[in-house]
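Novice: Compute the structure for the input listed below.
(chains A and B)
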Number of protein chains: 2
Amino acid sequence: MWCQSCKEEYEEEDAGTCKECYEEASETEEELKREIDDLRSRLLFLRLPYPTLDAASAPHSDLLLHAIPSCSSSGAGGDADAARTPDTPAVPAHRVILASRSPVFRAMLESEMEERSGIIKIYDVSYDVLRAFVHYMYTAEALLDEQMASDLLVLAEKYEVKHLKTFCEKFITSKVNNENAIAHYAFAHRHSAKQLLEASLSVLMDNMSTLADREEYKELVDKDPRLVVEIYEAYLNRQVNTAAGKDTDCSSRK
Amino acid sequence: MWCQSCKEEYEEEDAGTCKECYEEASETEEELKREIDDLRSRLLFLRLPYPTLDAASAPHSDLLLHAIPSCSSSGAGGDADAARTPDTPAVPAHRVILASRSPVFRAMLESEMEERSGIIKIYDVSYDVLRAFVHYMYTAEALLDEQMASDLLVLAEKYEVKHLKTFCEKFITSKVNNENAIAHYAFAHRHSAKQLLEASLSVLMDNMSTLADREEYKELVDKDPRLVVEIYEAYLNRQVNTAAGKDTDCSSRK
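Specialist: Model (predicted):
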């Protein structure tokens, strides 16, 4: 027989589908591709140009965000807030965009207190992360590495931008390995990132024999022993379940 | 043989694909579906809530659009523009959204002349169409019937919102039949809607024998005979091509 797809000959034991199903599947594929094209074009339409400080390209920006990093180098005494004044440019934005993407911004902008000034300080964040955060609000796109994904996840959680949090969590989850699992496990715990928590816990449980030798393990025992307990509990739980599974397996064979 | 997809038996002459191609196609389908899910979730994120006049839900709207229908019922003399003052509510919007979707609005808002007032009059359009137009700017979605699609296409062309124009044109094209082909053909001509023009012309050429009996035909001959000439030219052209095709066909058979 000849395969209608790859045009190669095949034997009966290598048969896949009948002609009707093949044709149906091809049609489905075409339909899905058309839907993807349609969705992509709608996405392009809905994307907004990222605002810049250049007046010509962002004439209607009505907010300026200032990134205030957590450890400011200017350690002068006196007014603590003034000492943390940033030396990076402001990040322009629009009230309507921030309010529609983040319930926290919406509440903040609706209360119209300090925000009347059109200036909002975003604490404990670098200029680059704030820019990437605002960029995501306009485009639903971000260029991630592990550090950026973690920083953005924290900001997304703080401002309740669920879509961005999920996006970052997926990215970090794809990077979990034995080297970074403890750090990611603790991070996931701090920021209620369930998918990441499960992935890193799974890697930790697969490598229990070397867990206690790790520097990060000792640090976690010192800092947050409760989290370490949870690793052991999950491990024990898995062992019990596996044993129970084997038992059922054996008894069903009898 | 058994089809892996529908699980039914089939004969050799009904064979579709080999196993390998079937598995590959299934994987591709899964991937496409995942991509669709991802695109849909990004679309949902980028959609903006449609602004309302209710201050609580649209506190940051910075523009009001007034629909001025083409034939106002208030026929009082004096200031023509005043006579066309609408009695429908204003449609709230945001400068940043309109400017990012429409180059015409962008130029208008950047010139900052009458728009400083935050009020823009949109002429020759009903309140419902203007609302649907603004709604599309926020959501990339519209509920269409033929009339709404035509009205929105006109507005989309005027304000250069290409995505909406294509969206409406596709919808109208799907509705072309022998009854409405002349009207759609003339409409497509007026608004440079190439896809619709070709579809309606094709229907007209398939029904040439009854064309001249139609009321709309006679109207078009009166109003814009040049367009009627183009129908005949296209028809003749098709006849010549078909004849040439037959000739080639015959000669190649010899």
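
Novice: Every contact and neighbour count from this point should use C-alpha atoms.
Specialist: OK.

Novice: any chance you could map the helices in chain A?
Specialist: A:19-46, A:80-83, A:95-101, A:103-111, A:127-139, A:146-158, A:162-173, A:181-190, A:194-206, A:208-211, A:215-223, A:225-253 (DSSP state H).

Novice: low-scoring pLDDT stretches of chain A, where are they?
Specialist: Along chain A, the model assigns pLDDT under 70 to residues A:53-60, A:71-86, A:112-116, A:249-254.

Novice: Domain parsing of it, as residue ranges.
Specialist: By the assignment in automatic domain parsing, chain A contains the domains A:12-45, A:49-161, A:176-254.

Novice: so how far is the second one off the chain centroid?
Specialist: The one in question is domain A:49-161. 18 Å (C-alpha atoms, centre = their mean, to the nearest Å).

Novice: What of the last one?
Specialist: A distance of 21 Å separates the C-alpha centroid of domain A:176-254 from that of its chain, computed with C-alpha atoms, centre = their mean.

Novice: Can you give me the neighbour number for residue A:26?
Specialist: 15 (other C-alpha atoms under 10 Å in any protein chain shown).

Novice: Residue B:195 is nearest to which of the domains of chain A?
Specialist: Taking C-alpha to C-alpha, domain A:12-45 is the member of those nearest to residue B:195, at 16.6 Å.

Novice: Leaving out the residues flanking it, which one is nearest to the residue of the stretch 101-250 of chain A found nearest chain B?
Specialist: Nearest residue of the stretch 101-250 of chain A to chain B: residue A:140, at 6.2 Å (C-alpha to the nearest C-alpha). Distances taken as C-alpha to C-alpha, 6 or more residues apart in numbering or on different chains place residue B:42 nearest to residue A:140, at 6.2 Å, with adjacent residues excluded.

Novice: With residue B:179 as the reference, measure out to that neighbour.
Specialist: Here the criterion is C-alpha to C-alpha, to the nearest Å. By it, residue B:42 lies 41 Å from residue B:179.

Novice: and if you look at residue A:67?
Specialist: 62 Å.

Novice: so what's residue A:29 closest to, chain neighbours aside?
Specialist: residue B:29 (6.4 Å).

Novice: before we move on, the earlier item: contacting residues for the residue of the stretch 101-250 of chain A closest to chain B?
Specialist: A:47, A:164, B:42, B:45, B:46 (C-alpha atoms under 8 Å, 6 or more residues apart in numbering or on different chains).

Novice: Counting neighbours, what do you get for the residue nearest to residue A:29?
Specialist: Counted with other C-alpha under 10 Å, residue B:29 comes out at 19.

Novice: That one against residue A:27, yeah?
Specialist: No: counting by C-alpha atoms under 8 Å, residue B:29 stays clear of residue A:27, with 11.0 Å between them.

Novice: can you tell me which residues contact the nearest residue to residue A:194 once chain neighbours are set aside?
Specialist: Closest residue in space to residue A:194, ignoring its immediate chain neighbours: residue A:188 at 6.8 Å, by C-alpha to C-alpha, 6+ apart. By C-alpha under 8 Å, 6+ apart, residue A:188 lies in contact with A:194, A:196, A:197.

Novice: Please, a PyMOL command that selects the buried ones among those residues?
Specialist: Per 16 or more other C-alpha atoms under 10 Å in any protein chain shown, the buried members of those correspond to this PyMOL selection:
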select buried, chain A and resi 196+197
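
Novice: Take the contacts of residue A:188 and lay them out in TSV including distance to residue B:155.
Specialist: Formatted as TSV, the contacts of residue A:188 follow (distance: C-alpha to C-alpha, whole Å):
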residue	distance to residue B:155
A:194	47
A:196	48
A:197	51
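
Novice: how close does residue A:69 sit to residue A:125?
Specialist: From residue A:69 to residue A:125 the distance is 5 Å (C-alpha to C-alpha).
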